[in-house]
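Novice: Have a look; sequence and predicted model below, questions after that.
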Amino acid sequence: MTTTPQHIPQSLDNQETSSEEKPQAIHTAQSVTQRPIWELIVEIGEQIPDEEWANVPSDASINYKYYLYGTPKKNG
């Protein structure tokens, strides 16, 4: 005899979802993300102190694999 764990639904048909719930969820997600992504990036970057930005290597964008994984540096 096999048993299905209680947290796994037997069938997707058994799950009831209201059609009114989905648009509300989508609307909520859209209202949160109405700002462009670059504005969010700038906002997050402004929260980092200047002393920490000074520690970022000037070649980090070129040699990110070196800094993350230890691969050989590229000349750039």
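Specialist: The structure has been received and is ready for your questions. In this text the structure is predicted, and so the values were computed from the model without any measurement.
Novice: Following element in sequence after the strand or helix carrying residue 40, please.
Specialist: Using DSSP states H and E, residue 40 maps to helix 37-46. Going down the chain from helix 37-46, the next helix or strand is helix 50-54, by DSSP H and E.
Novice: Export only the CA atoms of that next one, formatted as PDB.
Specialist: The C-alpha trace of helix 50-54 is given here as PDB (Å, rounded to 0.1, in the frame of the first residue of the first chain):
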ATOM      1  CA  ASP A  50      31.800  54.700   0.000                       C
ATOM      2  CA  GLU A  51      34.400  52.800   2.000                       C
ATOM      3  CA  GLU A  52      33.000  49.500   0.700                       C
ATOM      4  CA  TRP A  53      32.900  50.700  -2.900                       C
ATOM      5  CA  ALA A  54      36.600  51.600  -2.600                       C
END
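Novice: For that helix, give me every contacting residue.
Specialist: By CB atoms under 8 Å, 6 or more residues apart in numbering, no surrounding residue is in contact with helix 50-54. C-beta: built from backbone N, CA, C; applies to glycine.
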